[in-house]
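>>> coords below, sequence missing:
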C-alpha cells in the first residue's frame, strides 16, 4: 500500500491548562503521511488509551517523565496496525501497542521504536479494548502496584479507590483472586453495583452518597481495618482511609486524580501520622519500572480473562476530534470503565 | 532498709492540655511509700527521660499506647535504683531501667514488671545519661528506625531533622558509621556547629536561619537528592525534604514534634506525590516493636561509645518539681541534646 496519499490528523498541545483542560488547550493539525525511513515503521492508530496521567504530562516541570512540549502531538499509548514497515521485526498488518500519540498515523523512526515501547500484540490473548485495559498500562499498573508494592496476603482487607476505573477494576479482581477481602470506592450506585455484582468485590462504597459515606462505609466493611489501600484518587478519600489503617498496612500511591486539576496546592494527607501509629507505609509506584516483567503479568492476567475469573469493561468514545471532551470525562467521573478513544476500525 | 518512712512525691496529669502544656495541667501529690508485695520491686527514681512522645500520651483517644488517665501519675521511662525487693530477679542496689513514672519512687507489682519493661542495666556500658539516650529509647528508636525502616546503603545521602536531639544525634552518627553522607537539620547555629564539628555530620542546616534555609541547604548539601530522610519534626520541613527526594527514597516517620501542640489539624505533607514520582516510601515506626532486639542494638552502640566513634549529649534539668517547665523545653527547642530530668543522685 502506498501511504503517501494519506493525511494524518493530529491533536497537539496548544497551551498548558490551569485546572481542567478545555478545547482551547488543543490545536488540530493535518499533515501528509510520509513513508518510514530505514528501520522505521508507520502505524495506523486504531484505539488510544485515555488516562489520568495525561493531565500530568501537560504540566511544565520535572516529573517521572518529560512534559509534552507546547506544539507537540499529545502523548498517548495506543493500539495500531502496521501500515508500512522498513523494519524486519514488523510486517504490514501486524497489530502493535506503543506510544502512538493522539494522531491517525504514527511514523516511528528506527531509533524511537524502543522508547515508544512498540511491540506486537496477540489478539488471541485479548481484544483491542482489553489490550488497552487489563493487558495494557492500567492492568500492568494494577498488577505490579498491588503485588509488588501492596504485597497482599490471603485474608487481607484490600481497599481500592476508582474501583470501576481502569486500574481499580483489575486491582480489585486480582486481590479477590489472591484470596483477599476487597472493598471498592467508586462514584455512584451504578458503578458500585457493577463492581460487586459483576466483578465480585465484597463491597463497594459510593463516595458520592454523602459527606460521611466513605467513613461509614469503611467502618461497616473493614471491621479489622485496612491492610492494603490502593490509592488512585488522593484528597479526602486518602485521608479517610488513613484513619482506618490496620497495623502494618501498605498504601500504594498510584495516582491522585482528585488533585490533578487543582489550581491550589495539592491537599496533603493530614492523617499521615496514622502511618506511625500503625507502623504502616505509603509508597509510590510508576508502571514503567516493571517493563521487563510485563510479559509475566500479561500471561497471568490473560489466563484469568480466558477462564472467566476476570472481567474488563471499556468505555469507548469514537473519533479523534472528540479527544478534548473525552479526556475531561476522566476527571468528572463520567467514564464507566477504562476510557478508550476509537480512532479507526 | 525500711522504706515505710519515705514519702513519694509525684506528678499527676490534672487536665488534658490544648496546645502546649502548662503548670495548670499538672498536680503534685505526696504519698507514703509502701513496701512491695510478693514478687514486687520498689525503685527509687534517679533520672527520667523527657520525650516528645509524652505530649501524645497526654491526649485522649487511641494511639499506639493508651493515654495517661486524668489523675494518674504521668508516664515516663527512667533509671532507678532498687530500694526494696521481694523478687529474686532484682536485688537492693541494682540499677534498673523501666517505666517508672514522674515520681520519686515506683512500686512495681509482680504482674507489672514485664509491662513496665523493668530490666537491670550495666553502668559499665554507659552512664545513666547514656542509658537514657544512646542506649535507651532514643537510641533504640534511632537504631531500628534507621537500619530497619530507612535501610541505608553506603554512599546514600541521609538527612535527619532534630539532628541535635536525642534520636537525631544517634541517627546521624550511626548513618556516618555505616558509610553514608549525613546532613542534619537543627535549630540554631550552636546545634549545627556541634553536630558537624563534634559528631562528624557532613553538614547541618539551621532551619531558623530564614524561610528558605532548608530548601537552600538541601540544594547545596544534597546534590543527588535525599535517599533516606529520618523525620522527627513533620510540618514544613517534611514537605521541603519531600521535594528533594532521590529515586527510591525511604522516609522514616518517627515523630512530628512541630505538630504535637497543634490546636488546628495536623499539616499534611502536600508534596506527598513526590513519593509517586520518585518511587519512594514513607513508613512509620514505633520502637516498642523491636524490644526483642534491643540487646543487639545496645551491644553495637555501646561498642561505638567505648571506642569513641559515637558521642552523646544530654541536657540535664534537676528536680522533680521542675518537670512542667522542663518538658516544655522540648517543644520550644530550648533543649540541646537528650533532655533528662534528674530526680535524685
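Great, that's in hand. Predicted model only: the values in this text are computed from it and were never measured.
>>> How about the residues of the stretch 1-150 of chain A by chain B?
Selection of the stretch 1-150 of chain A residues close to chain B by C-beta under 8 Å from any C-beta of the partner chain yields A:62, A:63, A:64. Every C-beta, even on glycine, is put in place using the N, C-alpha and C of the backbone.
>>> Which among these count as buried?
A:63, A:64 (16 or more other C-beta atoms under 10 Å in any protein chain shown).
>>> Check pLDDT for the residues of the stretch 1-150 of chain A next to chain B and point me to the minimum.
pLDDT is lowest at residue A:62 among these; the value there is 75.
>>> Just want to check the distance between that residue and residue B:274.
Using C-beta to C-beta, to the nearest Å, residue A:62 is found at 10 Å from residue B:274.
>>> Sort out which residues of the host helix or strand of residue A:295 are buried, please.
Element membership for residue A:295 (DSSP states H and E) is helix A:294-306. Neighbour counts over helix A:294-306 (16+ other C-beta under 10 Å) mark A:294, A:297, A:298, A:301, A:302, A:304, A:305 as buried.
>>> Contact partners for the second one?
For residue A:297, the contact set (C-beta atoms under 8 Å, 6 or more residues apart in numbering or on different chains) comprises A:139, A:140, A:143, A:144, A:290.
>>> Where does pLDDT dip in the stretch 151-300 of chain A?
The model of the stretch 151-300 of chain A has no residue with pLDDT under 70.
>>> would you list every one of the helices in it?
Per DSSP state H, counting those that start in this stretch, the stretch 151-300 of chain A carries helices over the ranges A:166-177, A:189-197, A:213-221, A:235-242, A:274-277, A:294-306.
>>> what's in contact with the fifth one?
Read that as helix A:274-277. A:242-243, A:245, A:280-282, B:62-64, B:253-256, B:282-286.
>>> so how many other residues sit close to the one residue in chain A that gets nearest to chain B?
In chain A, the residue that lies nearest chain B is residue A:268 (2.9 Å; C-beta to the nearest C-beta). Counted by other C-beta atoms under 10 Å in any protein chain shown, the residues lying close to residue A:268 total 22.
>>> Show the contacting residues for it.
Counted by C-beta under 8 Å, 6+ apart, residue A:268 has contacts B:239, B:267, B:268, B:269, B:270, B:271, B:272.
>>> The second one: neighbouring residues, count only.
The number of residues packed around residue B:267, counting by other C-beta under 10 Å, is 18.
>>> out of the helices of the stretch 151-300 of chain A, nearest to residue B:181?
The minimum distance between residue B:181 and the helices of the stretch 151-300 of chain A falls on helix A:274-277, with 25.8 Å, by C-beta to C-beta.
>>> Break chain A down into its domains, please.
What automatic domain parsing lists as the domains of chain A is A:7-133+A:313-342, A:137-288.
>>> Residue B:26 is nearest to which of those domains?
Among the domains of chain A, if distance is taken as C-beta to C-beta, the winner is domain A:137-288, at 25.1 Å.
>>> So which bits of stretch A:88-104 are buried?
So stretch A:88-104, judged by 16+ other C-beta under 10 Å, has buried residues A:90, A:94, A:95, A:96, A:97, A:98, A:99, A:100, A:101, A:102, A:103, A:104.
>>> now the helices: where do they sit in the stretch 1-150 of chain A?
Under the criterion DSSP H, counting those that start in this stretch, the stretch 1-150 of chain A contains helices at A:53-57, A:128-132, A:137-144.
>>> Against which helices or strands is the second one packed?
Going back to what we said before, that points to helix A:128-132. strand A:41-49, strand A:77-85, strand A:314-318, strand A:338-342 (3 or more C-beta pairs under 8 Å, 6 or more residues apart in numbering or on different chains; DSSP states H and E).
>>> could I get the ones you listed as JSON lines with mean pLDDT?
Output for the helices and strands packed on helix A:128-132, formatted as JSON lines (pLDDT from 0 to 100):
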{"stretch": "strand A:41-49", "mean pLDDT": "97"}
{"stretch": "strand A:77-85", "mean pLDDT": "97"}
{"stretch": "strand A:314-318", "mean pLDDT": "96"}
{"stretch": "strand A:338-342", "mean pLDDT": "96"}
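>>> For those, could you give me CSV that also reports distance to residue A:186 and mean neighbour count?
Formatted as CSV, the helices and strands packed on helix A:128-132 follow (distance: least, C-beta to C-beta, whole Å; neighbours: other C-beta atoms under 10 Å in any protein chain shown):
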stretch, distance to residue A:186, mean neighbour count
strand A:41-49, 20, 25
strand A:77-85, 24, 22
strand A:314-318, 13, 17
strand A:338-342, 14, 24
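>>> Out of those strands, which is closest to residue B:190?
Comparing these by C-beta to C-beta, strand A:77-85 comes nearest, at 55.5 Å.
>>> Relative to the whole chain's centre, how far out is the closest one?
Counting by C-alpha atoms, centre = their mean, to the nearest Å, strand A:77-85 is centred 20 Å from the centre of its parent chain.
>>> relative to strand A:338-342, how tilted is it?
Angle of strand A:77-85 versus strand A:338-342, following axes from the mean of the first three to the mean of the last three C-alpha atoms, to 10 degrees, is 30 degrees.
>>> Relative to strand A:77-85, what are the paired strands and their orientations?
Partners of strand A:77-85 in the sheet, by DSSP bridges, are strand A:41-49 (antiparallel), strand A:95-99 (antiparallel).
>>> now what about that strand, what contacts it?
By C-beta under 8 Å, 6+ apart, strand A:77-85 touches A:1, A:3, A:6, A:35-36, A:40-49, A:51, A:90-101, A:105-106, A:117, A:121, A:128, A:131-132, A:136-137, A:343.
>>> Tell me the spacing between the most centrally placed residue in chain A and residue A:254.
With the centre of chain A defined as its mean C-alpha position, the nearest residue by C-alpha atoms, centre = their mean is residue A:138, 3.8 Å away. From residue A:138 across to residue A:254, the span is 10 Å (C-beta to C-beta).
>>> what do those two both touch?
In terms of C-beta under 8 Å, 6+ apart, residue A:138 and residue A:254 are both contacted by the residues residue A:167.
>>> Name the residues of the stretch 201-345 of chain A found near chain B, please.
Within the stretch 201-345 of chain A, the positions near chain B by C-beta under 8 Å from any C-beta are A:234, A:239, A:253-256, A:259, A:265-286, A:289.
>>> Among those residues, name the ones in strands.
Among these, the ones falling in strands (DSSP state E) are A:253, A:281, A:282, A:283, A:284.
>>> top of the residues you listed by neighbour count?
The most crowded member of these is residue A:282, carrying 30 neighbours; neighbours defined as other C-beta under 10 Å.
>>> Now for the closest residue in space to that residue that isn't next to it in sequence: which residues touch it?
Spatial nearest neighbour of residue A:282, excluding adjacent residues (C-beta to C-beta, 6 or more residues apart in numbering or on different chains): residue A:251 at 4.1 Å. Residue A:251 is in contact with A:228, A:229, A:231, A:238, A:241, A:242, A:245, A:280, A:281, A:282, A:283, counting by C-beta under 8 Å, 6+ apart.
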